[in-house]
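*Asks:* next one to model:
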Amino acid sequence: MIASIATIGLISWFVMNILKSKRVTTIISVVLILIYSYIFSLMQLQDYSLLLGSIGLFCTLAVIMYYSKRLKW
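*Replies:* Modelled structure (predicted):
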């Protein structure tokens with residue numbers, strides 16, 4: 001828990017100094033918190049880890065497909 005908080009804080013600080021945008025920094029911080037929480041819960045659920053992993057990958061693919069349809073190839 002301490003390592004994940006330190007890592008998220010360091011990455012957020014780095015992004016804020018590079019981009020100078022609090023909105024983008026907040027979005028990236030929230031996404032990192034969600035990813036770390038998901039990975040932690042996935043490791044804790046031994047019996048349902050395959051199911052939770054599959055659902056997580058499906059949701060990730062759906063988000064990528066939704067946002068990639070806006071790209072002009």
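
*Asks:* pull stretch 51-58 out as PDB, backbone CA atoms only.
*Replies:* The C-alpha trace of stretch 51-58 is given here as PDB (Å, rounded to 0.1, in the frame of the first residue of the first chain):
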ATOM      1  CA  LEU A  51     -13.200 -14.200 -13.900                       C
ATOM      2  CA  LEU A  52     -12.200 -10.800 -12.600                       C
ATOM      3  CA  GLY A  53      -9.300 -10.700 -14.900                       C
ATOM      4  CA  SER A  54     -11.400 -11.500 -17.900                       C
ATOM      5  CA  ILE A  55     -14.000  -8.900 -17.000                       C
ATOM      6  CA  GLY A  56     -11.200  -6.300 -16.500                       C
ATOM      7  CA  LEU A  57      -9.600  -7.100 -19.900                       C
ATOM      8  CA  PHE A  58     -13.100  -6.900 -21.600                       C
END
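
*Asks:* now that stretch: mean pLDDT?
*Replies:* Across stretch 51-58, pLDDT averages out at 92.

*Asks:* distance from that stretch to the middle of the chain?
*Replies:* Relative to the centre of its chain, stretch 51-58 is centred 14 Å away, using CA atoms, centre = their mean, to the nearest Å.

*Asks:* residues touching it, excluding its own?
*Replies:* Residues from elsewhere that reach stretch 51-58, judged by CB atoms under 8 Å, 6 or more residues apart in numbering: Tyr38, Ser41, Leu42, Leu45. Placement of C-beta: from N, CA and C, glycine included.
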